[in-house]
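Novice: Quick one: sequence and predicted model below, then my questions.
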Amino acid sequence: MKFTDRLWDSVESIWNGYLEHPFVTGLGDGTLDQGKFQHWLKQDYVYLVEYSRLMAIGAEKSPDLKTMSMFSEMLHGTLFGEMELHRGYAAEFGILEEELLLTEASAVNTAYTSYMLNHAQRGDAAAVAACLLACAWSYNYIGRSLSDKYPEQENNPYKQWVETYSGEDFTSLNGTAMTLLNKLAEGKPERELALLEEIVVKTSLYEYMFWDMCENQEEWPIKVGL
Ligand SMILES: Cc1ncc(C[n+]2csc(CCO)c2C)c(N)n1
């Protein structure tokens, strides 16, 4: 049994919760409020900057060249594939990239990226791969589920979103993330596997909190004007 099969059993119920989340169903049927989507766009752009640091840490901690190439492939896919989707939507809304980059990360966003960076810095390459997995896998899972459930996408303003995350490039990046963790987890004792599993479950819960944060357009509980 692959390590990712064991992980699937631990996250399945959380991930099925994403599919019922109003933000996610709104993306699928096109009814999502534009202000909520723009909140996601801005928060996610600065999230992806921190997420990119993870893959650079993974490359640095890689035990061999093949592993380094896989982290690097994901880093390239994020900076030049995924973030291009954000830049495209931002241009449609008249938002400049500088404005995206000036977004102050919300409380949930900060907690999520800090959690991953903490594990990535303290742990080995397997811990870094565990931090990356839920993000790549769950978005591909959501994208594919939405394109099955809502095959009629012609008038959906979020069509590009659904197509990007369900498409070949992201399915392949997700495959890389899964192979990477399965390979790095090989031969590890149960105590270490349990920690990797905890990271994947906690990041899955953070993913749920990120959807909630976007649905409710949350930032921080009190505005202090930093
Ligand atoms: C909060 C949040 N979680 C996951 C993703 C999706 N994602 C992050 S990296 C990656 C793979 C390589 O780009 C994918 C699919 C996101 N955008 N925002």
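Specialist: Happy to help now that I have it.

Novice: ok, D148 - how many residues close by?
Specialist: For D148, the number of neighbouring residues by other CB atoms under 10 Å comes to 10. The way it works is simple: take the backbone N, C-alpha and C, and place the C-beta from them, glycine included.

Novice: List the buried residues for the helix ranked longest in the chain?
Specialist: Assignment by DSSP state H gives helix 34-61 as the longest helix of the chain. Across helix 34-61, burial judged by 16 or more other CB atoms under 10 Å covers 36-52, 54-55, 57-59, 61.

Novice: Same question for stretch 149-169.
Specialist: So stretch 149-169, judged by 16+ other CB under 10 Å, has buried residues 150, 153, 156, 158, 161-166.

Novice: from those residues, which is closest to the ligand?
Specialist: Y165 (6.3 Å; CB to the nearest ligand atom).

Novice: Among the buried residues of stretch 149-169, give me the pair with the biggest separation.
Specialist: Y150 and T164 (14.8 Å; CB to CB).

Novice: hmm, back to that, near the ligand, anything from the next helix or strand after the longest helix of the chain?
Specialist: Following helix 34-61 in sequence order, the next helix or strand is helix 65-77 (DSSP states H and E). Yes: counting by CB under 6 Å from any ligand atom, the ligand is contacted by helix 65-77 at 74, 77.

Novice: Show me what the helix or strand just after helix 65-77 is packed up against.
Specialist: Note on helix 65-77: by DSSP H and E, the next helix or strand toward the C-terminus is helix 83-92. Applying 3 or more CB pairs under 8 Å, 6 or more residues apart in numbering; DSSP states H and E, one finds that helix 83-92 contacts helix 34-61, helix 97-101, helix 159-166.

Novice: repeat that with 6 Å
Specialist: Here helix 83-92 touches helix 34-61, going by 3 or more CB pairs under 6 Å, 6 or more residues apart in numbering; DSSP states H and E.

Novice: between the helix it packs on and helix 65-77, how big is the angle?
Specialist: Orientation check (axes from the mean of the first three to the mean of the last three CA atoms, to 10 degrees): helix 34-61 against helix 65-77 gives 160 degrees.

Novice: between helix 34-61 and helix 159-166, how many degrees?
Specialist: Using the same axes, to 10 degrees: helix 34-61 against helix 159-166 is 30 degrees.

Novice: just to revisit the earlier point, let me see the mean pLDDT of the longest helix of the chain.
Specialist: What helix 34-61 shows for mean pLDDT is 98.

Novice: how far is it from where the chain is centred?
Specialist: 8 Å (CA atoms, centre = their mean, to the nearest Å).

Novice: likewise stretch 15-32?
Specialist: Worked out by CA atoms, centre = their mean, stretch 15-32 lies 16 Å from the chain centre.

Novice: how about stretch 119-130: buried residues?
Specialist: Applying 16+ other CB under 10 Å to stretch 119-130 flags 119-120, 123, 125-130 as buried.
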